[in-house]
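Asks: I'll drop the sequence and a predicted model, then ask my questions.
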Amino acid sequence: MDINVKSLNKVYGNKAVVNIDTLTLRKGKIYGIIGPNGAGKSTLLRIMAGLEDATAGRMFYNESLLNDRILRNVTYMDQRPYLLRTSVFNNIAYPLKIRKYDKKTIENKTREIMREFKIGDLSSQLATSLSGGESQKVALARALVFEPQLLFLDEPTANIDPNSIELIEKVILKRNREKGMTPIIITHNMAQAKRLCDEVIFMDEGKIIEFGESKQVILDPQKESTRKFLSIYAM
Ligand SMILES: Nc1ncnc2c1ncn2[C@@H]1O[C@H](COP(=O)(O)OP(=O)(O)O)[C@@H](O)[C@H]1O
Ligand SMILES: [Mg+2]
């Protein structure tokens, strides 16, 4: 799905935390959003995922305004994913249950994605008792199990080990290249943004300062504030 953002504004109190003229995201690309704390990244992501209302502005998904049909094809994963107090299997199967898939399909799809994430041995474990990295994989498996077209991820690999990061990136890339899923990922990991994302958006103070091909933005930023932000990362 393409996303078209027009004159988007989000105000808290009297502070504009997101203020975007236009932004176009194209189906089938992988996008990264980078920028300092408080830049408005999470707010923008939640608005695009339909979880929060904008104060003003419009968003189009393939020319339509957000509706239930579109929302059924969208998934969002919070920085601190919330897992249900039940088994790993039930957590991952949940989106399929609410979409009324039949029992056999639920079983097959859930097993298959657990294999993909190498978490099959956690199947009957209580999801709320998992380690940080395990929780992140379970949450992402749950987000992907119904094959969404749009995937919104808020810092999906913060505080997890390199092997798990590699696995998660592989799964995201595979879904993107094979199924045309469009991931939009907030990350503080610049190496990851460069590796995984086709294009990167640099946000500061609610605005899009720079937006372009990821290697270009990260290795050769054009704007002073992008350069300043990136200079704190050793690359
Ligand atoms: N529910 C809220 N009420 C008031 N202010 C908020 C709320 N959510 C976010 N903000 C403020 O909006 C700004 C942008 O926040 P956020 O989108 O979380 O930034 P980022 O994800 O880039 O760190 C911050 O100054 C934050 O304090
Ligand atoms: Mg945030």
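Replies: Noted; the coordinates are in hand. Ligands and ions are numbered 1, 2, ... in the order given.

Asks: Can you name the next helix or strand after the helix or strand hosting Asn90?
Replies: Asn90 is located in helix 88-98, with elements delineated by DSSP states H and E. Downstream of helix 88-98, the first helix or strand assigned by DSSP H and E is helix 103-116.

Asks: Could you pull out the buried residues of the helix or strand just after that next one?
Replies: Later in the chain than helix 103-116, the nearest helix or strand by DSSP H and E is helix 132-144. Within helix 132-144, the residues that count as buried by 16 or more other CB atoms under 10 Å are Gly133, Glu134, Ser135, Gln136, Lys137, Val138, Ala139, Leu140, Ala141, Arg142, Ala143, Leu144. Using the backbone N, CA and C atoms, a C-beta is placed for each residue, glycine as well.

Asks: Same list (these) but as TSV, adding distance to ligand 1 and pLDDT.
Replies: Shown next, in TSV, are the buried residues of helix 132-144 (distance: CB to the nearest ligand atom, whole Å; pLDDT from 0 to 100):
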residue	distance to ligand 1	pLDDT
Gly133	22	91
Glu134	24	94
Ser135	20	94
Gln136	18	93
Lys137	22	95
Val138	23	97
Ala139	18	96
Leu140	19	96
Ala141	24	97
Arg142	22	97
Ala143	19	96
Leu144	22	96
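
Asks: List the backbone torsions phi and psi for the one residue sitting closest to the centre of the chain.
Replies: The structure's the chain has its C-alpha centroid closest to Leu153; by CA atoms, centre = their mean the separation is 1.8 Å. The phi/psi pair for Leu153 (degrees, to the nearest 10) reads phi -120, psi 120.
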